[in-house]
Each structure stands twice: as structure tokens, then as C-alpha cells.
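Asker: Show me the folded form of this:
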Amino acid sequence: MQRNGPTAPAGDRHWRGSARLAVSCALLFCAMALLVDWDAGSVSPLRALLWVSLSTAVGAVLLPPWVSAGPGWLAVRTPWRRHIVRTDALTAVRQYDGPSSHLVLRDVHGHRLELDPRILAANPLLWHELDTGVRRSLERGTLRQGADVLDRLGHRIDDEALKAVLRASGLS
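Answerer: Numbering: from 1, shown residues only. Here you go, the predicted structure:
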């Protein structure tokens, strides 16, 4: 009889396409810069290195964060850092609206994580892992601020999923 091992962490299923777009934009920028420099007759190895370096910086800035989750944790990895928060030991959740809406999660260990709530809406497995951890935080009494924020977000995600199912089935 085989035992089921630990499940693989859930990840952002749209990340590869966004990363491909970021790399494509950086490569296009590099090609266009080198082409314009070559056409002007001023390209040199040092200038080419400058354009490649600037293109690498553009790619790093455009690269979206990789969000993954597992039982009791949520992680956001950028090209520079990795932030991990324990979802089963959350203390506060805040949502900041505006031009770039984002969630800020804090746990009892002092770790802080920011992420775009649209990533959770687009990835049901990530949302499920976060929701399960939040329920454990509520049971343990560590989550003191922001349960209502996640409740509203959960309702919005569920409403969007229901609308998608109804559209796919032709009932709406």
C-alpha cells in the first residue's frame, strides 16, 4: 500500500506567461537599442554591454513575483528576495486599494508579505491554501485584524468563479 506524501506546493499558474512577456520586452528593448546604436554608427563593446545591462534591469523590473503556497505558508519570490508568511499564524491582514491594490499579511513571527489580490482570484489553489491557513489562525486566536478583509475577498473570488461557471455553461 502506498502512502501519499506531502502535496506539492500550489503556484501561480499564469506566472510563466507573464515572465515570458517580461523577458520578451527586455529582449526587444535590447535589440532596438542595439539596432539604433548600430544605425547611428556609435556601437562599441562598452555601449553594447551598457544596453545589455539596461535590458537586464528592465527584465528584472518587469518580472512578476512568483507566488506559491503550501499547508500553513504563503511565499512571494521576487528577483531579489523571498518573503514567507505563516498563514496558520497570521496576526493581521490589511488591504490597500488604489491604483495598485495589494494585501499585506503579517504573522506572529514578525514576517510581512505583500501580494496582489488578483493573483489569489486567478489561482483557486493559492486561495484555498490561504483560506485554510486563515481558518487555523482564527481557531488559534492569532488573527486579530483583517478577518473581514479576507471574508470580502473570498466572497468576491467565489462570485467571480460562479459567474465564470455560468458563462461557460451558457446559463448567463
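Asker: remind me, longest helix of the protein?
Answerer: helix 15-40 (DSSP state H).
Asker: What residues sit buried inside that one?
Answerer: Across helix 15-40, burial judged by 16 or more other Cβ atoms under 10 Å covers 15, 19, 22, 26, 29, 30, 33, 34, 37. All C-beta atoms are positioned from the backbone trio N, CA, C, and that covers glycine.
Asker: Next: stretch 49-58.
Answerer: Buried-residue list, stretch 49-58, by 16+ other Cβ under 10 Å: 51, 55, 58.
Asker: what about the second one, which SS state?
Answerer: The reference is to residue 55. helix (DSSP: H, G, I helix; E, B strand; the rest coil).
Asker: Start the count at 633 instead of 1 going forward.
Answerer: Taking 633 as the first residue, the last one we looked at is residue 687.
Asker: For it, which non-adjacent residue is closest in space?
Answerer: Closest residue in space to residue 687, ignoring its immediate chain neighbours: residue 662 at 3.5 Å, by Cβ to Cβ, 6 or more residues apart in numbering.
Asker: Return the residues in contact with that neighbour.
Answerer: Going by Cβ atoms under 8 Å, 6 or more residues apart in numbering, residue 662 touches 683, 684, 686, 687.
Asker: Format those residues as CSV; extra columns: pLDDT and distance to residue 705.
Answerer: Output for those, formatted as CSV (pLDDT from 0 to 100; distance: Cβ to Cβ, whole Å):
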residue, pLDDT, distance to residue 705
683, 95, 40
684, 96, 37
686, 96, 36
687, 96, 34
